[in-house]
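Asker: here are the coordinates; sequence isn't available:
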């Protein structure tokens, strides 16, 4: 995960969880997105291969505020190929949502309120 803004010292969700457990006021919202990318692969020996496959990332963009400063943290929840079967796509979505639920639980345990969203 990468953080932008603020002093740069908060780059992971864990940083904000720790801050909240220390009694600081932390506010977090999340935006979910599907990012399409080209994944480099070893080119095949045929002329048809481009050496790339169309892939996607399911990403959660966390907007975090603490101490009058704001940070944005992007977290990838799953990666998949655009060529996958519908069953595999659904399985990947379920995996991403399960991982989101774990993070929501961690935030809730740290007394950070967040409106839960799912892919």
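Answerer: That came through, no problem. Computed from a predicted model, the values in this text were never measured in an experiment.

Asker: mind checking pLDDT for the residue nearest to the spatial centre of the chain?
Answerer: With distances taken as Cα atoms, centre = their mean, residue 75 lies nearest the centre of the chain, 2.5 Å away. Predicted confidence (pLDDT) for residue 75: 98.

Asker: Can you classify it by secondary structure?
Answerer: The local conformation at residue 75, judged by DSSP: H, G, I helix; E, B strand; the rest coil, is strand.

Asker: Just the residues contacting whichever strand or helix holds residue 38, thanks.
Answerer: Residue 38 is part of strand 26-40, with elements assigned from DSSP states H and E. With contact meaning Cβ atoms under 8 Å, 6 or more residues apart in numbering, strand 26-40 is reached by 16, 19-20, 51-66, 81-82, 107, 110, 112-115, 117-119. Any C-beta I mention is one placed from the backbone N, CA and C, and that applies to glycine too.

Asker: picking up where we left off before, wait, the residue nearest to the centre of the chain touches residue 58, no?
Answerer: No. Counting by Cβ atoms under 8 Å, residue 58 is not a contact partner of residue 75; they are 9.9 Å apart.

Asker: ok so, going back, list the buried residues of the strand holding residue 38.
Answerer: Within strand 26-40, the residues that count as buried by 16 or more other Cβ atoms under 10 Å are 26, 28, 30.

Asker: for the last one, which residues make a bridge with it?
Answerer: Right, residue 30. residue 62 (DSSP bridges).

Asker: Residue 59: neighbouring residues, count only.
Answerer: 19 (other Cβ atoms under 10 Å).

Asker: and it, how far is that from residue 78?
Answerer: 9 Å (Cβ to Cβ, to the nearest Å).

Asker: Tell me the backbone dihedrals of residue 70, please.
Answerer: Dihedral pair for residue 70: phi -130, psi 140, per degrees, to the nearest 10.

Asker: which residues pair with it across the strands?
Answerer: Under the criterion used (DSSP bridges), residue 70 bridges to residue 65.
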